[in-house]
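Engineer: the sequence and its predicted three-dimensional model are supplied below.
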Amino acid sequence: MGEVARVFLKLGFLGFGGPAVHIAMMEEELVRKRQWMTQEHFLDLIGATNLIPGPNSTEMALHCGHERAGWRGLLLAGACFILPAVFLTGLLAWAYKSYGMPPQVAPFIYGIKPAIIGIILAMMIRLGRKALKTLSRLVTSVQSVLA
């Protein structure tokens, strides 16, 4: 349980860029580094996650926590993944409400956007290469996006 908490707290605090990046980070941490499950099983969980409504990365955290430690792992992984974002968002909202956006911060915000986009694209490409190994999978994926 301690390992589940540490991994998902880390992902919760470091993950930014949306569900695609979160899932790519989970793949890196859980499949490649820790070998909690196979690549194929991870991709199956992504497929299951896409079938149900809701936030995909949170659902993946719940699935992975359940795979590792049962229903307690599910609850712990979910809390450890979600609560850091809640805390950081609350902190940023408080700072913005209290101080507004000083002119010194504006260039930093504009400069960080391209970096975030680059990170998102890199993670999506890496995960996409693993999931779209055949031409038929690629064609099906493109068709589903265009539909």
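Structural biologist: Yep, that arrived. Since the model is a prediction, treat every value here as computed from it, not as a measurement.

Engineer: least confident secondary structure element in the protein?
Structural biologist: Here the helix or strand of the chain ranked lowest by mean pLDDT, DSSP states H and E is helix 106-131, holding a mean of 77.

Engineer: after it comes which helix or strand?
Structural biologist: Counting by DSSP states H and E, the next helix or strand C-terminal to helix 106-131 is helix 135-146.

Engineer: what is the least confident helix or strand of the chain packed up against?
Structural biologist: helix 19-26, helix 39-51 (3 or more Cβ pairs under 8 Å, 6 or more residues apart in numbering; DSSP states H and E). All C-beta spots, glycine's among them, are computed from the backbone N, C-alpha and C.

Engineer: what's the angle between the longest one and helix 135-146?
Structural biologist: Counting by axes from the mean of the first three to the mean of the last three Cα atoms, to 10 degrees, helix 39-51 lies at 20 degrees to helix 135-146.

Engineer: so what touches helix 39-51?
Structural biologist: For helix 39-51, the external contacting residues (Cβ atoms under 8 Å, 6 or more residues apart in numbering) are 23, 26-27, 30-31, 37, 56, 59-60, 63-64, 67, 130-131.

Engineer: among these, who's most crowded?
Structural biologist: Cys64 (28 neighbours; other Cβ atoms under 10 Å).

Engineer: quick one: secondary structure of that residue?
Structural biologist: When classified by DSSP: H, G, I helix; E, B strand; the rest coil, Cys64 comes out as helix.

Engineer: show the contacting residues for it.
Structural biologist: Counting by Cβ under 8 Å, 6+ apart, Cys64 has contacts Met26, Leu30, Trp36, Met37, Leu45, Ala77.

Engineer: for the residues you listed, work out which two are farthest apart.
Structural biologist: Largest separation among the contacts of Cys64 by Cβ to Cβ: Met37 and Ala77, giving 13.3 Å.

Engineer: ok, back up a step: format the contacts of Cys64 as a markdown table; extra columns: pLDDT and distance to Ala122.
Structural biologist: Shown next, in a markdown table, are the contacts of Cys64 (pLDDT from 0 to 100; distance: Cβ to Cβ, whole Å):
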| residue | pLDDT | distance to Ala122 |
| --- | --- | --- |
| Met26 | 94 | 15 |
| Leu30 | 96 | 19 |
| Trp36 | 95 | 23 |
| Met37 | 96 | 23 |
| Leu45 | 94 | 22 |
| Ala77 | 97 | 25 |
